Each structure stands twice: as C-alpha cells, then as structure tokens.
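# Would you be able to build a 3D model of this:
(2 chains)
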Amino acid sequence: MENPRMVRQQVRKIIRVACDRCKGSGFLPGEIELNPIIEIPREEEHGDYSTNIAFLLAPKVRKSPQEIAKVLVENMDFAEICEKVEVAARGFMNFYVKDAVWRDTLKRMSDKGLDSMFPNVGEGKRVLIEFVSSNPTGPLHIGHGRGAAVGDVLANVLMKTGYTVVKEYYVNDAGKQIETLGQSTYARWRELEGDPIPFEEHFYQGDYVKDIAALLAERKSSIPPLRDEAVRFMAKFASDEVMHGIERDLADFGVIFDNYYRETKLYENGDVDETLKVLQGKDYAYEKDGALWFRTGLFERDEDRVLVKSDGEKTYFASDIAYHKNKLERDFDILIDIWGSDHHGYIPRLRASIEALGKNKESLKVLLIQFVTLLKDGKPVGMSTRSGQFTTLKEVLDEVGKNAARFFFLMRKSDAHLEFDLDLAKKTSNENPVYYVQYAHARIESIFRVAKDEGVSAASLRDADVGLLTLKDETMLIKGILNFFNVVEGSARSFEPHRITFYLLDLVGKFHSYYNKTRVIGDDRGVTLARLLLLDMLRQVIQSGLSILGVSAPERM
RNA sequence: GCGCCUGUAGCUCAAUUAGGAUAGAGCAACGGACUUCUAAUCCGUAGGUUCCGUGUUCGAGUCACGGCAGGCGCGCCA
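Presented below is the predicted three-dimensional model:
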C-alpha cells in the first residue's frame, strides 16, 4: 500500500466486488447502486474499518441485514489485505486489516518521505485566506490572536494538501474610525503641549494613543499648524504607527502575511466606483431617500443595504464588495474570510453581492471565530477596545509565549467559545497540554541521542525489518502515525485546523504509554532498529504536526 | 419580535468523510509505578437521564419540530 488512504480504497473495492458477485448470482438485484460508508469504528474490537452496507441494502431486497452481511462476506476476496472480515450481531461488517499491511505502509513512508503521503485535496486550486484584518486604530487583542492562529494554521493545512495559498490582511485605513483616531491623538498631543482640549467619550482611551502623541511631540516641526490638517496628519501617522505595532505582534506570534491590502487603494484605483457602476448597471442598486441601496433581498433573505449614504459618503459595505470583486479577479478559486462571530449578520449581504457580480457565491467561505474569555486566577478578565481595558495579544504572548498561545487557541473548534486559562498556559507542568506533546518529541530525540552513542546511525534504519514490530502497542502506534494523513485531509476538507491539535494529543498519549512499558534500545539489534524506525516516523509526524500549528518541537526539555 | 451559534462527567472539551455498535479524553479526587532510552511520564479506581419534550428509523449526542438557558447579531457604524 502506498499510503493509508489506499487501504480504505481497497476495502471499498473488496465490498464492490462482493456486491457484483452477488448480483451475478441473483442474490442482489442488478440495478442497485449504493455508496456505503466505510468508517473507522470507535471500538477497537470492531476492527480497522466497518461498513453499514447491509443496513442500506436490507429494505431494498427485503432481507435481514445479518443475512445480507453473511452472504456478502461469503462472496468476498479479502485475504490480500485483511486477516478476517466478521459480521457483527446487528449486521455491521468489520474488516480486520493485516498488521503486515500497516507495517509495510510505515516502511514505505520511511522510504519515500512524509511529503509523498499527504493527499492532494486542493489539486492546485488557488485560495485566498483573509484574516485578522483588524482596524489600525488600536493594538491586537486576544480575540484577534485566535483569528490569527486559526487563519495561519488553516493556511498551513491547505498548503500541505495541494492548495496554493495566499494570506492577506485587509487594512481598513479609510473612514471614520481612522478620523477618530486622529482626533484622539490630537487631543492627547494638546495635553502634552500644555494646551488641553476636551477628550471626548468616543475617542480611543488606550495608553497607546498617548505614546503616539508623545512620539509626535518630539517631531513638533512636522505637524501642520491648522487643526483640521493636524488631525488628518495625525490620523495617518497614528494608524501607520499602530499598523507597525500590529505587524510586530503578528511576527512575534509567528504569523507572516503575504499581502497587506489597503482599503484606500480600492478608492484610489477606482475599484469602488467601478463596482457601484456595475451594480447600478444591472439594476441591483437603486436610489431612495437620497442614498444608494443594494438589493440584497434579491439574492438572500436579508434587507436591502446602503452603499452610498445620503451625505455622499460610501459605506464600508461598498468598499468591501469592491474588495471581494478584486479578490475574485485575482483568480482565486476559493475565498476564505475569517471574522469575529459578532459579524455573522454580515454574511448574507456579502454573499448576495458576490452573486450580483455574476460570481459563484459558494466560492466564499466565512469562518466565524467565537470570543475568547481570558481567565486569570480562575476569574474572567473583561475587555473593551474603547475603554482601553482590553488584554492585548502582546500581553498574552509576553506572559505565556508563542507556543502555548497558538496551541491553546487551537484546542477548540473556532465557532465555540474559548476559555483561555492564563495560569494553565503558563504552567511548566503536566497539566499543560502543550508540554505533553513537546515532551514526547524531546523524549524521542533523547532516545536517538543514546542510540547514536551506541553506534546506530540514521542510515542503518534503512535496513530495519518492520516485521519485528509485533507488539500490540506498536501496531496501534503505527496506525496512529498513518492516521495523521487522514486527519490532515479531514482538516483541509472541513476547514477545521483544530483537528490537528486533538490528533497530536491523542497520538503522543499512545507514545507515552508505549515508552513506559517498552525499552527501545536493547540487546537485540534487529528489534532496536525496527523500533527506532517506528520512532523516527513518529518523530517526523509530531514535527510535521507541530510545524503546521506553528509550535516548536524542542530536542530537550 | 426575527436570525445565527452554543448546551455532553464537578471543571474544560471530544465524538472522524453530516445518523452507527457499550458516548470518550484532560484537569480536579482517590490508590499505585523512577537502580532503566527524560516521572513535564505511566498504570488503576470513581465519575452520565448528552438541557427538556415530541417525532423521523433497523439505529439519534448527531436529523426535524416545539420549548428552556447562555452568547452574538438585526445602523445611511466599521
């Protein structure tokens, strides 16, 4: 078997052949067409794969599932890959794959390398993942951190599985919020100059505004004398400054974007006006009460939305349509947007706009990220950007480090609430799941150090005889290792990066258990080599999994 | 009022390609294992009306309908 997916395909084939044979003998009607599920059973005693085909056939041929399963098995040639196929009491058919098949697949993996094992899900499709996209009016908080982790890891997963991926950050550098930032900065600057003006309630309260004002105060000469111009100048200055900080925090978090796409660019190059013209040309936009409205209701169950306000200003929605039009025109097959879940109400109108532009709205996938509750001393820490009482990503990174932060963000499915326990993430103890995985890797590295001292080189692993891996724990570990590629595939198909985290925890659990029971390096050189090959593959899978997560795989701990 | 998400062990969460067999982990609790390649580990015990109800069927944590509870959204804001 080239890879573990092929084992499942073989099982499918065995079933199909048996069905054909039963059709030939008249036991099954010839025209019947079925797509049975072949799954990995929960219970180990139920074999490596099982199928429900007998249940699906039962009503059609008016026979009991048990009888159908029995006849199918009698007509089955399974000996090549299975040691037995059993009919369970209810009518399930359980396939017990030969241990040798798994061992040979492991050997193949060792010979050909990990990269040859990843399934090609994407087939070269181009996908653009847009995430974080936080307004440059304040530093990233912990919620953005979760979005950053999910987006970055999803990008890694998709890259592993045959997609061409571009990571993009959309910078909302136009509009009222930037203006408010300018006013806030200006007010702080006046304070520093000893000539204060009222600091209004809707201004940004955070201390970072004061820092920026202080920076400006040092370069007094470049500030325009007129207030309006000064505010505009400071808006630009402050948002650039904040943006630099965001990029720095992201880099510290291990997230590097391919592009930063600025909203103002869409205005400058005429994309927004062009988009509005197209919509109007198709009569998908109309004027009412002095404003321009988009006919959302034509495409989705949603109300019509304003594109141009009666004061002539364009809405965020207008430029966002232009942005997504722009993305599609850059020849991406799939657009993934990662948003905070509080924006979910925005999905219908954006989908509608894509359809209105004559594109397939199914090419847009929106992943919603639920809020993060930060726990400190077991109690939640409140947050709000306006009041300045948020916990920034930087603070969390400084406290728990990149590895723990990324791992914790991916311990939940993204659309579920996440409780982030700061104290737990910080602990250097067995309670911390990050270390559980990393420690397994360090242990394996340690074994290889000892092996090296005893004269076992990496090259000699080529001669290892996997047939000597006969322990039950070893078979389980092999299956666990090979399952990696299925998990990555599932993760890619469902856009659920957190599956990698769960998989790794499960896998290294098997290893820790094995380690405590079994000595790898022993007197029997053959067995030692075989076990080292097993651990080498395990090590590579852990490294690969952790690198997808963006978490380090330390050699010592 | 309408829409989306969530509800599983004391706590935090799983449950595989959208229905499969006896619902699983970790933490916390209790009892054990270091003369050994790393005890940041392992082994064992205990812990459940899967929020409630009705339905669909060979089979429901999973699907449908109706409730209950929590979160979020329903702007000419972004």
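# can you pull the pLDDT of the closest residue to RNA strand B within the stretch 101-250 of chain A?
Closest contact between the stretch 101-250 of chain A and RNA strand B, by C-beta to the nearest atom of the strand, is at A:G175 (3.9 Å). All C-beta spots, glycine's among them, are computed from the backbone N, C-alpha and C. At A:G175, the model reports a pLDDT of 84.
# What sits closest to whatever residue of the stretch 151-300 of chain A ends up closest to RNA strand B if chain neighbours are left out?
Across the stretch 151-300 of chain A, the shortest distance to RNA strand B (C-beta to the nearest atom of the strand) belongs to A:D289, at 2.9 Å. Nearest residue to A:D289 in three dimensions, chain neighbours excluded: A:S310, at 6.3 Å (C-beta to C-beta, 6 or more residues apart in numbering).
# What of A:Y170?
Closest to A:Y170 by C-beta to C-beta, 6+ apart is A:S133, at 4.2 Å.
# coming back round to it: can you verify the residue nearest to A:D289 is assigned to a strand?
No. A:S310 is assigned coil when assessed by DSSP: H, G, I helix; E, B strand; the rest coil, not a strand.
# hang on, the residue nearest to A:Y170 packs against A:V171?
Yes. With contacts defined as C-beta atoms under 8 Å, A:S133 counts as touching A:V171 at a distance of 7.4 Å.
# May I ask you to confirm that the residue nearest to A:D289 is in contact with A:A291?
Yes. Counting by C-beta under 8 Å, A:A291 is a contact partner of A:S310 at 4.6 Å.
# Mind checking which of the two has more residues around it?
A:A291 (16 against 12; other C-beta atoms under 10 Å).
# ok so, going back, give the contact list for the residue nearest to A:D289.
Contact partners of A:S310, counting by C-beta atoms under 8 Å, 6 or more residues apart in numbering, are A:289-291.
# which bits of the stretch 51-200 of chain A sit near RNA strand B?
Neighbours of RNA strand B within the stretch 51-200 of chain A, by C-beta under 7 Å from any atom of the strand: A:52, A:55-56, A:58-59, A:65, A:88-92, A:94, A:135, A:172, A:174-177.
# go with 6 Å
Within the stretch 51-200 of chain A, the positions adjacent to RNA strand B are A:52, A:55, A:59, A:88, A:90, A:92, A:94, A:135, A:172, A:175-177 by C-beta under 6 Å from any atom of the strand.
# Please pick the buried ones from those residues.
Those of those that meet the buried threshold are A:52, A:55, A:88, A:92, A:94, A:135, A:172, A:175, A:177, by 16 or more other C-beta atoms under 10 Å.
# Check those residues and tell me the two furthest apart.
Taking C-beta to C-beta as the measure, those reach their widest spread between A:A88 and A:G175, a distance of 62.4 Å.
# And the helices in the stretch 451-557 of chain A, which stretches?
For the stretch 451-557 of chain A, the helices defined by DSSP state H, counting those that start in this stretch occupy A:472-494, A:498-517, A:525-549.
# closest one to RNA strand B among the ones you listed?
helix A:498-517 (3.3 Å).
# Buried residues of the closest one, list them for me.
A:498-505, A:507-508, A:510-511, A:514-515.
# List, out of those, those positioned next to RNA strand B.
Restricting these to those touching RNA strand B (C-beta under 6 Å from any atom of the strand) yields A:502, A:515.
# Among the buried residues of helix A:498-517, which one sits closest to A:E229?
Proximity of the buried residues of helix A:498-517 to A:E229 was ranked by C-beta to C-beta; the top entry is A:H498 with 48.6 Å.
# The closest residue to the closest one other than its chain neighbours: neighbour count?
Distance criterion C-beta to C-beta, 6+ apart; nearest residue to A:H498, sequence neighbours excluded, is A:L410 at 4.8 Å. Here the number of neighbours of A:L410 (other C-beta under 10 Å) works out to 28.
# Which one of the buried residues of helix A:498-517 is nearest to A:A235?
A:H498 (38.1 Å).
# That closest one against A:F407, yeah?
No. Applying C-beta under 8 Å, one finds A:H498 not in contact with A:F407, separated by 10.3 Å.
# and the stretch 301-450 of chain A, which of its residues are near RNA strand B?
By the rule C-beta under 6 Å from any atom of the strand, the part of the stretch 301-450 of chain A lying against RNA strand B is A:306, A:309-310, A:315-316, A:341-346, A:371, A:412-413, A:415-419, A:428-431, A:435-436, A:439, A:442-443, A:446-447, A:450.
# ok, the residue lying closest to A:S25 once chain neighbours are set aside - contacts?
Leaving aside its chain neighbours, A:S25 sits nearest to A:N75 (7.7 Å; criterion: C-beta to C-beta, 6+ apart). Residues near A:N75 by C-beta under 8 Å, 6+ apart: A:18, A:21-22, A:25.
# will you turn those residues into TSV that also has pLDDT?
Output for the contacts of A:N75, formatted as TSV (pLDDT from 0 to 100):
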residue	pLDDT
A:A18	91
A:R21	90
A:C22	88
A:S25	87
